[in-house]
Every structure is written in C-alpha cells, then in structure tokens.
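> could you look at this predicted model? Sequence included:
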Amino acid sequence: MKLVIQESGERLGDHIECAYTFWRRLIGLVGRRSLPSGYGLHIQPCKSVHMFFMACDLDVLHLDKSGIVVGLEHRLRPGAIGTVFEGTRSVVELPAGTLAAAKVELGQTAILEP
C-alpha cells in the first residue's frame, strides 16, 4: 500500500505492509536491522507500540478510525515504550525522520491506498 497525507499530498511511503492479524501484529518489524525509506508497517488494531528487540529508530504515526492523525512520535529508540494517544485505533511505523521531512501535523488525514 501507499501512504499519503491528504492535505499536503506528501507521500510517506510506497511500500506499507499490513499487520492486521494477531501474529503479524505480534511480530511487527522485530528482527529488521533497518527500515528503508518509503517502507512502513500499518498495525491495526493498535493503540501504542513498544520498541523491544528493535535495532533501529522509528517514527510512529497514530491514526483514529477515520485516518486522522491524533499522535506523532519522532525517532522512537530501540527498547522504548511508545505513548498512548487518545483516539488511536491504528499506527504506522515509518523510518526515523519521515514525519519531520513531510511536515506531518496533528489533525491531518492519512490515506492508505492499494
């Protein structure tokens, strides 16, 4: 899938994988040494993330049920526990620096395209 911010047209990723089953959510991105630019993981349902057993920093985009951005986490480090933002129903894990480079803001709409 592709991930685009509706208001700005900024493309956050062209290769967004889905984690919609229990096992896929459990595994997430564990074991990957890095996440290339343009790649990411959409996790649903999900209210927050942890960075246990991760090897690289990540940005985390928190979305409500309509795809509205309700939380942003920049450069979450391995071993960290993410923040729980009210209204989060899914998250997108992205390479560190993606959200700042795209100037993503709270209240914008993220669109996942096939």
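That came through, no problem.
> run through the strands of the protein in chain order.
Taking DSSP state E, the strands of the chain run over residues 2-5, 11-13, 15-19, 39-43, 58-63, 69-76, 90-95, 110-113.
> pick the most buried one from those strands.
Highest mean neighbour count among those (mean count of other Cβ atoms under 10 Å): strand 58-63, with a mean of 26. From N, CA and C alone the C-beta is placed, and that goes for glycine too.
> pull the CA atoms of that one into CSV?
What follows is strand 58-63 as a C-alpha-only set of coordinates in CSV (Å, rounded to 0.1, in the frame of the first residue of the first chain):
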residue,chain,number,x,y,z
LEU,A,58,11.3,4.6,14.0
ASP,A,59,8.7,7.4,13.6
VAL,A,60,5.2,6.4,14.6
LEU,A,61,2.1,7.9,13.2
HIS,A,62,-1.1,7.4,15.3
LEU,A,63,-4.4,7.4,13.5
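> run through who's touching it.
12, 29, 35, 49, 51, 69-76, 82, 85, 88-100, 104, 110 (Cβ atoms under 8 Å, 6 or more residues apart in numbering).
> for stretch 36-50, same thing?
With Cβ under 8 Å, 6+ apart, stretch 36-50 has contacts from 1, 3, 12-20, 25, 28-29, 58, 60, 76, 80-85, 88-95, 98, 112.
> with mean pLDDT as added columns, please give the strands of the chain in CSV.
Below are the strands of the chain laid out as CSV (pLDDT from 0 to 100):
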stretch, mean pLDDT
strand 2-5, 98
strand 11-13, 97
strand 15-19, 97
strand 39-43, 97
strand 58-63, 98
strand 69-76, 98
strand 90-95, 98
strand 110-113, 97
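> so who does residue 100 touch?
By Cβ under 8 Å, 6+ apart, the neighbours of residue 100 are 59, 74.
> let's see that with 6 Å instead.
Residue 100 makes no contacts at all, as judged by Cβ atoms under 6 Å, 6 or more residues apart in numbering.
> list the contacts of the residue most central in space within the chain.
Of all residues in the chain, the one closest to the mean position by Cα atoms, centre = their mean is residue 92, 1.8 Å from it. When contacts are counted by Cβ under 6 Å, 6+ apart, residue 92 is found next to 40, 42, 61.
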